[in-house]
Structures are given as C-alpha cells and as structure tokens.
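J.: Below is the structure, and that's it, no one-letter string:
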Ligand SMILES: NC(=O)C1=CN([C@@H]2O[C@H](COP(=O)(O)OP(=O)(O)OC[C@H]3O[C@@H](n4cnc5c(N)ncnc54)[C@H](O)[C@@H]3O)[C@@H](O)[C@H]2O)C=CC1
Ligand SMILES: O=C(CO)COP(=O)(O)O
C-alpha cells in the first residue's frame, strides 16, 4: 500500500478544479491551487472564495492559491490537472519540468483531443513520459456546483495501478464525496467524454420544446453508442452501466447546471454557435469540440455513433437542429442491439 497523500496541488481554478480542491480540503488534505489569473488566486488565498467560478461558496481556509506554477507544484505528492481537454497539452508541456518526481498525476478533464484522438491519460503519458496506466482519472456524476455545496455524490477513480487509485481515494473521500476505484480507464474516460456530446443533444431537444421521452431516448441511445465505441476500444461494457456511464449521463443530460446541456439548449432555441459560446462566459462546454474528435475516433475504428455525428454536423457544419433530429429518426430500421 502507498503512503497517505497529504499535499495536493490542483492546476486550474475553474468550476471543477475549485470544487475538487474543496473536496480534498474537506477531506483534510493540504491543497495548493494554481490559477491562470492572479486575481482568482488572490480571491482564493485571501478571501477563501472563487467568485469568478463558484460564487457564494466558502472554501476551507487550508486551501491556498498562486498564479506561479513553480510555487504551486513545490512539494506536491499528487497533482490534479483541472484544465479543459483541448488546452491540457499546452498547459502540461509548460508544467512538465516542474512536476515533482513520483507525484501521482490525476486527471479531471472529460474529453478526447482533436487531431491526435487521444484520451486525456494518453496525452498526459505522452507529454510527461510515463505509462498511461499510472494516471488516475476522476469521472462520474459530479456537477461542480452541487459538490461545492456539499451535496452527496459518488465518483470513480480509474487507474490501471490499483494502489494509486486507492491512494487518491483515501485522499479525497469525505462525508459528502464517495469515490469508488475502477481499473477500466478506457471505459471511464470514454464515458466522461462521450456523455458531454449526448448532453448537447438533450439540451438541444429541450430547446426545441421536446419532452421527457425524447430526453430518455437520447440518453439511452447515447449510452448504446458510447458503449459500442468503448467495447471496440477494449473497455469493459459494464463500466457504462456504472457511475462513469449511466450515472454521468443522467446527471449531465438532465441538469440545468450542465454547461453542455445549456449550450445545446441555446442551439436548439436557434442561437448560433458564437452566441452560445459568448453566453457560456468563458466556461468550457467540452462536447462542442469532443463531438468532432469522438466522431473521428469512432470512424477510425468503424463504429457508428449517429447522435455524436449529428452533434458534429449541427455545431460545425451549420445543420439545423430540427433537420439533424429528423435525420436521426429517418435512419434505416434496426434491432435495438445490432
Ligand atoms: N464543472 C463541472 O461540473 C465538471 C467539469 N469536469 C471537467 O473538468 C475539466 C475542467 O472543467 P472546469 O473546471 O469546469 O472548467 P472551467 O471552464 O470552469 O475552468 C477551466 C480552468 O482552466 C483554466 N485554463 C487554463 N488554460 C486554459 C485554456 N487554454 N483555455 C481555457 N481555460 C484554461 C481556466 O483559467 C480555468 O481556471 C473539463 O474537462 C470538464 O469537462 C468534470 C466534472 C465536473
Ligand atoms: O461533467 C460534468 C458532470 O459530471 C459537468 O458537466 P458540464 O461540463 O456539462 O457542466
């Protein structure tokens, strides 16, 4: 068994980075956060709030913050990467030489990289020069605002090295946050990335004025297509029945707190991509980029993902959401599991 992890650095002070830092702080860890903007670091360090991302939330006084990555990383036993998927490579490349040897690397990002079509643990492994199996992936139904409010939630810590997952499990478990371990990194990461795209589609349906049957259909058929991709890439199909699959799909596809669902809703109401992006206020809706990378990944292994394909065409090819919906319904008839 690995020794207890006490000093944790969280790189990224957005919604989830901050909420996860609070989880760790409430679990008794010493947490240092890195924020891109000094005013966010000052807010956290001096006022114990992050009013830019989680207004109204008081953070544990034990959490400190800096905008200097070298200072943030000094003496870290675990490093939590909490920046959006498409910017992870650039950020991590800048941090690589500052990472303490032997620190456990933890990934919060839910996406697939455009171009390389790599999952986040693969991107991290490539940049840092470690085995992807040594990265701990955090995923599951974890809407940042609810967790920051101390509402009960479970999560999955996926890592091929069970000892590392257990070390992070012990570091973040607290009275409202219950982390489970899992060794199926491929399934857990794909679940987290794919559900953002399906949440775009349920939001879009809501924006078009459609009801619960449509949402349930998209969630269930979305689950079918992500499980199909996972199975092809070596994931355990059971993973998609768990927190990283159904759990996160239900939370993200149905909650008004989800940025992806909200983004889709705006597109469904007739806003343009640029208008929806402006309304997101700088916060990331990962599905908007991941619909393209996941579609390309699925095509590269010959897997059919019609909802993901539809979201790519709405977001990036100017297809009207109504038209995309009509095309989904007009596809050839088939068996539920074929
Ligand atoms: N917010 C949530 O409820 C949850 C988010 N996630 C995932 O965690 C990851 C991070 O999400 P959030 O913290 O919510 O994002 P956010 O948009 O709230 O914050 C992103 C953070 O990354 C920093 N950053 C550094 N380089 C950046 C760049 N080039 N472009 C944009 N931001 C940059 C920003 O300054 C900010 O501190 C995403 O992959 C997201 O899907 C996962 C579970 C829950
Ligand atoms: O991943 C999430 C919940 O598990 C957060 O979803 P959004 O990024 O859509 O807000």
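T.: Looks like it came in fine. Remember, it's a predicted structure, so these values are computed and weren't measured experimentally. Ligands and ions are numbered 1, 2, ... in the order given.

J.: who in the stretch 201-338 of the chain is up against ligand 2?
T.: Applying Cβ under 6 Å from any ligand atom, we find that the stretch 201-338 of the chain lies next to ligand 2 at 248, 251-252, 258-260, 286. Glycine gets a C-beta too; all of them are placed from N, C-alpha and C.

J.: The stretch 51-200 of the chain against ligand 1: which residues are in contact?
T.: 53, 82-85, 87, 91, 108-111, 142-144.

J.: Which strand or helix spans the residue nearest to residue 4 when sequence neighbours are not counted?
T.: Once flanking residues are discounted, residue 4 sits nearest to residue 170: 6.3 Å by Cβ to Cβ, 6 or more residues apart in numbering. Following DSSP states H and E, one finds residue 170 within helix 162-172.

J.: If you count neighbours, what's buried in that helix?
T.: 164-169, 171-172 (16 or more other Cβ atoms under 10 Å).

J.: What pLDDT is listed against the residue nearest to residue 4?
T.: On pLDDT, residue 170 comes in at 98.

J.: Then the one 5 residues further on?
T.: On pLDDT, residue 175 comes in at 98.

J.: is it possible to export the residues of the stretch 51-200 of the chain next to ligand 1 to a markdown table including neighbour count and pLDDT?
T.: Formatted as a markdown table, these follow (neighbours: other Cβ atoms under 10 Å; pLDDT from 0 to 100):
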| residue | neighbour count | pLDDT |
| --- | --- | --- |
| 53 | 24 | 96 |
| 82 | 26 | 98 |
| 83 | 24 | 98 |
| 84 | 19 | 98 |
| 85 | 26 | 98 |
| 87 | 14 | 97 |
| 91 | 19 | 98 |
| 108 | 26 | 98 |
| 109 | 29 | 98 |
| 110 | 31 | 98 |
| 111 | 27 | 98 |
| 142 | 26 | 98 |
| 143 | 21 | 98 |
| 144 | 22 | 98 |
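
J.: Among these, give me the pair with the biggest separation.
T.: 91 and 143 (23.3 Å; Cβ to Cβ).

J.: Identify each of the strands in the stretch 201-338 of the chain and give its residue range.
T.: Remark: no strands are assigned in the stretch 201-338 of the chain by DSSP state E, counting those that start in this stretch.

J.: Around ligand 1, which positions in it sit nearby?
T.: Looking at ligand 1, the residues of the stretch 201-338 of the chain close enough under Cβ under 6 Å from any ligand atom are 283-284, 286.

J.: Could I have the buried ones of the residues you listed as ChimeraX selection syntax?
T.: This is how ChimeraX selects the buried members of those, with burial counted by 16+ other Cβ under 10 Å:
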select :284,286
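
J.: Make a markdown table out of the residues of the stretch 201-338 of the chain next to ligand 1 and add pLDDT.
T.: Listed next are these as a markdown table, based on pLDDT from 0 to 100:
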| residue | pLDDT |
| --- | --- |
| 283 | 88 |
| 284 | 84 |
| 286 | 98 |
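
J.: can you tell me which of the residues of the stretch 201-338 of the chain next to ligand 1 are in helices?
T.: Using DSSP state H, no member of these falls within helices.

J.: With distance to residue 180 as added columns, please give the residues of the stretch 201-338 of the chain next to ligand 1 in JSON lines.
T.: Output for these, formatted as JSON lines (distance: Cβ to Cβ, whole Å):
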{"residue": "283", "distance to residue 180": "27"}
{"residue": "284", "distance to residue 180": "25"}
{"residue": "286", "distance to residue 180": "22"}
